[in-house]
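**Q** Output the structure for:
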Amino acid sequence: MRGLESLPGPPVRPPVGHLQDWALAPLPLVEEGARRARLAGRDLFHLRLGLPAVVGFSPAWNRRLLGDLGTFRSAGSFSRVVPHLAGGVILTDAPGHAPRRRAVNPGFGKAHLEELRVRIRAALPPIPAGDFDALAWADGVVLRLLNVAYFSGEFDSRLLHAFLAPLRQPFPLAVLPRPRLFRRVNAELRCLAERRLRGGGDDLLAHLAPLPGGLEETRVSLAAAHDTTTHALAWSIWHVAANPAWHAPEHHPAVLKETLRLYPPGWMGSRRLAHDVTWNGVRLPRGTLALYSPYLSGRDPELWAAPQELRPERWQTPPPAWAYLPFGAGERVCLGMHLARFLILEVLAALPPLGAVSGDPRPQPGITLGPVGPLVVRRGA
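**A** Numbering: from 1, shown residues only. Coordinates of the predicted model:
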């Protein structure tokens, strides 16, 4: 039986291993790791991050990691070190995960979102005249629409912006505790929740407020929703502006799927091993940080034809099983999946004809994967 040190991995920088590249250039790092793993006939590679860590990218690895909730635990994952995400159903493991997920699911389901459609459409802001940065515009639009979906537009918009802004900052700023800010946000949540508990309502807070831990679920899911939706929307706008033939409601779902394949906002997911695991003859010890990458799986040349190219037409047939994971998969599939798709498709349908002017759509990883930007488009081109 081989140890995890026998796995291939990208070049290291003594004495810090892969920590410097993980902080400064993680995409080239994991792309090189995956390349070396494929050459060695492996679907797993080793990272030296100060604790045992492996990254897998095959459908088999994705299925095992996302399906075996007793072995691959969320407690101890990357989310725990990000204050905005450290709580709620995101970090709840089996056996508590399933009942907690069932309790929060209805508010994020398609039936409830349909009830909000008219309100969401009414909240869409005007489209700027002339040239505008789709990335900056998407940021404001998503903030506004989430406020409507969660709080009927009643949350203080400046406080909401201040709460979400740290998630854009580079490591380690994004993971610094902000107790004063969180106290202000929690006070606002309690105030709004009390109104719903007294008088009902049909927004997401009205569904979550009566639940045990409902305000934490509200705060965490809101933080998880904003940048992920903003970045997917910005890239989608850029792509339909650059390819006007795709800018039609019947094409938007495929454009969005293809955008999320190439640029999954949750580009890397993490778990911790609750006990030793043997994977293809390699022993992975208890406590190992086990990573899966929707970014690597979505660009794997063994799974996708021309994986680096944006081809919405590829979605005329189903994707390879367990290879397309922008929202995760299995029991732990992203709580906000339907909400994100709903908001993005509503915005795309409301946009006039656009043309791409200039920009930098290259992916830039942080807490989420976003475009370098700006992404300047022009109305009426």
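**Q** Could you use CA atoms for every contact and neighbour count after this?
**A** Will do.
**Q** what phi and what psi does the backbone show at V357?
**A** Main-chain dihedrals, V357, degrees, to the nearest 10: phi -100, psi -60.
**Q** what pLDDT does it get?
**A** Looking at V357, its pLDDT reads 97.
**Q** Kindly report the same for A381.
**A** Reported pLDDT for A381: 51.
**Q** And the helices in the protein, which stretches?
**A** 19-24, 26-39, 59-67, 97-108, 110-115, 117-123, 134-151, 157-164, 179-199, 204-208, 214-242, 252-262, 294-298, 337-350 (DSSP state H).
**Q** most packed of those helices?
**A** Most buried of those, by mean neighbour count (mean count of other CA atoms under 10 Å): helix 294-298, with a mean of 27.
**Q** Could you name the helices and strands sitting against that one?
**A** Helices and strands touching helix 294-298, by 3 or more CA pairs under 8 Å, 6 or more residues apart in numbering; DSSP states H and E, are helix 26-39, helix 252-262.
**Q** can you list contacts of the first one?
**A** Residues external to helix 26-39 that are found in contact with it (CA atoms under 8 Å, 6 or more residues apart in numbering): 7-10, 21-22, 43-46, 57, 296, 365.
**Q** With the last one instead?
**A** In this structure, residues lying in contact with helix 252-262 by CA under 8 Å, 6+ apart are 232, 235-236, 239-240, 246, 294-295, 298-299, 308, 310-313, 315, 324-326, 345, 348-349.
**Q** Recalculate using a threshold of 6 Å.
**A** 298, 312, 315, 326 (CA atoms under 6 Å, 6 or more residues apart in numbering).
**Q** In strands only, show me the residues you listed.
**A** The strands in this structure, assigned by DSSP state E, contain none of those.
**Q** quick one: low-confidence parts of the stretch 251-381 of the chain?
**A** 381 (pLDDT under 70).
**Q** picking that back up, now distance to L85 too, for the helices of the chain, in TSV please.
**A** Formatted as TSV, the helices of the chain follow (distance: least, CA to CA, whole Å):
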stretch	distance to L85
helix 19-24	19
helix 26-39	21
helix 59-67	19
helix 97-108	16
helix 110-115	23
helix 117-123	25
helix 134-151	17
helix 157-164	11
helix 179-199	12
helix 204-208	17
helix 214-242	5
helix 252-262	21
helix 294-298	19
helix 337-350	16
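**Q** To P285, which of these lies closest?
**A** helix 59-67 (14.6 Å; CA to CA).
**Q** which residues sit against stretch 207-220?
**A** Contact partners of stretch 207-220, identified using CA under 6 Å, 6+ apart, comprise 84-85, 88, 107, 193.
**Q** Please repeat the previous calculation with a cut-off of 10 Å.
**A** 83-90, 100, 103-108, 112, 150, 163, 182, 185-186, 189-190, 192-197, 200-201, 204-206, 221-224 (CA atoms under 10 Å, 6 or more residues apart in numbering).
**Q** Report the central residue of the chain.
**A** Geometric centre of the chain, nearest residue: G266, 3.3 Å, by CA atoms, centre = their mean.
**Q** just checking, it touches L369?
**A** Yes - the pair G266 / L369 is scored as a contact, 6.4 Å apart, by CA atoms under 10 Å.
**Q** Distance to L65 added to the helices and strands packed on helix 294-298, as TSV?
**A** Putting these into TSV (distance: least, CA to CA, whole Å) gives the following:
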stretch	distance to L65
helix 26-39	17
helix 252-262	19
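**Q** which one of these lies closest to A129?
**A** Proximity to A129, assessed across those by CA to CA, is greatest for helix 252-262 (22.3 Å).
**Q** now the closest one and helix 337-350, what's the angle there?
**A** 120 degrees (axes from the mean of the first three to the mean of the last three CA atoms, to 10 degrees).
**Q** Direction-wise, compare helix 252-262 with helix 214-242 and give the angle.
**A** Per the same axes, to 10 degrees, the angle that helix 252-262 makes with helix 214-242 is 100 degrees.
**Q** centre of the chain versus helix 252-262, how much separation?
**A** Centroid separation for helix 252-262 versus its chain: 14 Å, with CA atoms, centre = their mean, to the nearest Å.
**Q** again, but for stretch 300-318
**A** 20 Å.
**Q** list the residues that contact both of G266 and L369?
**A** Taking CA under 10 Å, 6+ apart as the criterion, G266 and L369 both touch 227-228, 295.
**Q** still on that earlier bit, identify the residues contacting the residue nearest to the centre of the chain.
**A** 224, 227-228, 260, 293-295, 325-328, 334, 365-370.
**Q** Quick one: the contacts of helix 26-39 as CSV, columns for distance to P28 too.
**A** Converted to CSV, the contacts of helix 26-39 look like this (distance: CA to CA, whole Å):
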residue, distance to P28
L7, 18
P8, 15
G9, 12
P10, 9
D21, 8
W22, 9
D43, 17
L44, 16
F45, 14
H46, 15
F57, 15
L296, 11
P365, 11
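**Q** which one of those residues is nearest V282?
**A** L7 (8.0 Å).
**Q** Just to check, the closest one is in contact with P52?
**A** No - look at L7 against P52 with CA under 10 Å: they stay out of range, at 11.7 Å.
**Q** what do the two both touch?
**A** H46.
**Q** Report the separation between the two terminal residues of stretch 268-279.
**A** 20 Å (CA to CA, to the nearest Å).
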